[in-house]
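In: Pasted the sequence and its predicted model underneath.
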Amino acid sequence: MVVMGIDPGVASTGFGVVCVEGGGMSAVDGGVIEAPPGAPIESRLARVHSSLAELLASHDPAALALEDVYFGKNVRSAISVGEARGVVLLAAAQAGVACFGYTPQAVKSAVCGTGAAPKHQVQDMVSLLLDLPGPPRSHHTADALAVAICHAAHSGSAIRDEALRQGASVR
């Protein structure tokens, strides 16, 4: 199963693609979609949409997982992340890819064991879980890969639970 993770943003949108086979996961792709600095918001969102549409066509994921919007003290920032998240959802819908949202705390907990993990710990654990030569350079890429890992862990549990309900033996 191929899962694409997204860390939405207007200036920088992280993406990560993970392949889940058997009991393991491996990184297929990852990076950051950068919007031109100083460009109008509509141009930045168009860049996120077109780049993501290309990535979806290229990787054909079974699912797209993305971080839910975090409403901290900066409401303006939360609104722009929400706009980027909407563009991501649109691109996925146009590609026929199912979407799943996870809170930042759920993602950190799935990857690090605690919902309060700092950014550097997420980067280190993503590297360890995906057997990368080192942590992703960008925290946006690490966050996107972490969201994909989180979804793979959740969907793996759901698949295992459904198999058990149907009477299968799970090793």
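Out: Arrived safely, thanks for sending.
In: Ala57: what's it in contact with?
Out: By C-beta atoms under 8 Å, 6 or more residues apart in numbering, the contact set of Ala57 is Ala95. C-betas here are computed from N, CA, C, even on glycine.
In: What ranges in this protein fall below the confidence cut-off?
Out: Residue ranges of the chain with pLDDT under 70: 70-73, 156-171.
In: hmm, try it at 50
Out: Within the chain, the stretches with pLDDT under 50 are 158-171.
In: which residues in it form helices?
Out: Per DSSP state H, the chain carries helices over the ranges 41-59, 75-95, 104-112, 119-129, 139-165.
In: Can you tell me which helices and strands the fourth one packs against?
Out: For helix 119-129, the helices and strands in contact under the criterion 3 or more C-beta pairs under 8 Å, 6 or more residues apart in numbering; DSSP states H and E are helix 104-112, helix 139-165.
In: okay, the angle between it and helix 104-112?
Out: 40 degrees (axes from the mean of the first three to the mean of the last three C-alpha atoms, to 10 degrees).
In: List the buried residues of helix 119-129.
Out: Going by neighbour count (16 or more other C-beta atoms under 10 Å), the buried part of helix 119-129 is Gln121, Val122, Gln123, Asp124, Met125, Val126, Ser127, Leu129.
In: How about Ala65, nearest residue that isn't a chain neighbour?
Out: Excluding the flanking residues, the one nearest Ala65 by C-beta to C-beta, 6 or more residues apart in numbering is His151, at 3.5 Å.
In: Return the residues in contact with the one you found.
Out: Counting by C-beta under 8 Å, 6+ apart, His151 has contacts Val3, Gly5, Ala63, Ala65, Phe100, Tyr102.
In: Ser43 too?
Out: Counting by C-beta under 8 Å, 6+ apart, Ser43 has contacts Ala35, Pro36.
In: And the helices of the chain: which comes nearest Val20?
Out: helix 139-165 (4.6 Å; C-beta to C-beta).
In: and the closest residue to Glu21 other than its chain neighbours, how many neighbours does it have?
Out: Excluding its sequence neighbours, the residue lying closest to Glu21 (C-beta to C-beta, 6+ apart) is Met1, at 7.7 Å. Counted with other C-beta atoms under 10 Å, residues neighbouring Met1 total 15.
In: Met1 touches Cys19, doesn't it?
Out: Yes. Using C-beta atoms under 8 Å, Met1 is in contact with Cys19, at 7.4 Å.
In: hey, what's in contact with both of these two?
Out: Between them, Met1 and Cys19 share no contacting residue, judged by C-beta under 8 Å, 6+ apart.
In: I'd like the buried residues of helix 119-129 written out as CSV, with distance to Leu145 added.
Out: Formatted as CSV, those follow (distance: C-beta to C-beta, whole Å):
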residue, distance to Leu145
Gln121, 14
Val122, 9
Gln123, 9
Asp124, 12
Met125, 10
Val126, 5
Ser127, 9
Leu129, 9
